[in-house]
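Participant: The following comprises the amino acid sequence and a computationally predicted model.
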Amino acid sequence: MSSPSTPTSKLDRILADAQRSREEGYRDKALRMYPHVCGRCAREFSGKRLSELTVHHRDHNHDNNPQDGSNWELLCLFCHDNEHARYTDQQYFSEGSTASQTGPKTTHKAFANLADLLQKKS
């Protein structure tokens, strides 16, 4: 027994369809413009494996799709995931971020007097 369609689920379906058709448009164009090679690892793709080649937006803005393809590069699934993980880390640990890896300078030196302590024991 199926549940009645809600306005939200209908809107979600419409948005997903629009996103899919937009992506198919620039993906098809990028595949016609560029050789079927990953821009990072240089693996070649053809046939069924062509689906493993994705379009990466160099500026990470998926709405920036110039017709000359200057914001696109073809990356394999693995390199594409890696690129987005690096970008996320860069954003997370950027200057001024509260999550910055640079913390307060350490002034205590735990082993500063170790040599003296070892000489006293002998």
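Facilitator: Perfect, thanks for sending it. What you see is a predicted model, and the numbers here were worked out from it, not measured in a lab.
Participant: Quick one: low-confidence residue ranges for the protein.
Facilitator: For the chain, the stretches flagged by pLDDT under 70 are 1-5, 19-24, 95-106, 121-122.
Participant: got a list of what the residue nearest the centre of it touches?
Facilitator: Most central in the chain under C-alpha atoms, centre = their mean is residue 84, positioned 0.7 Å from the mean C-alpha point. Contact analysis of residue 84 by C-beta atoms under 8 Å, 6 or more residues apart in numbering lists residue 60. Every C-beta, even on glycine, is put in place using the N, C-alpha and C of the backbone.
Participant: could you say which helix or strand contains it?
Facilitator: Assigned by DSSP states H and E, residue 84 falls within helix 77-92.
Participant: What are the buried residues along that helix?
Facilitator: Buried residues in helix 77-92, counted by 16 or more other C-beta atoms under 10 Å: 79, 80, 83.
Participant: Past it, which element shows up next along the chain?
Facilitator: With DSSP H and E, the next secondary element past helix 77-92 is helix 114-121.
Participant: what's the spacing between that next one and its chain's center?
Facilitator: Centre-to-centre, helix 114-121 and its host chain are 52 Å apart (C-alpha atoms, centre = their mean, to the nearest Å).
Participant: elements contacting that helix?
Facilitator: Of the remaining helices and strands, none touches helix 114-121 by 3 or more C-beta pairs under 8 Å, 6 or more residues apart in numbering; DSSP states H and E.
Participant: okay, that helix in CSV with CA atoms only?
Facilitator: Output in CSV follows, covering the C-alpha atoms of helix 114-121 (Å, rounded to 0.1, in the frame of the first residue of the first chain):
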residue,chain,number,x,y,z
LEU,A,114,66.5,14.8,32.3
ALA,A,115,70.2,14.7,32.0
ASP,A,116,70.6,16.2,35.5
LEU,A,117,68.1,13.7,36.9
LEU,A,118,70.0,10.8,35.3
GLN,A,119,73.3,11.9,36.6
LYS,A,120,71.9,12.2,40.2
LYS,A,121,70.8,8.5,40.0
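Participant: what comes into contact with it?
Facilitator: Against helix 114-121 from outside (C-beta under 8 Å, 6+ apart): no residues.
Participant: same thing but at 10 Å, please
Facilitator: 111, 113 (C-beta atoms under 10 Å, 6 or more residues apart in numbering).
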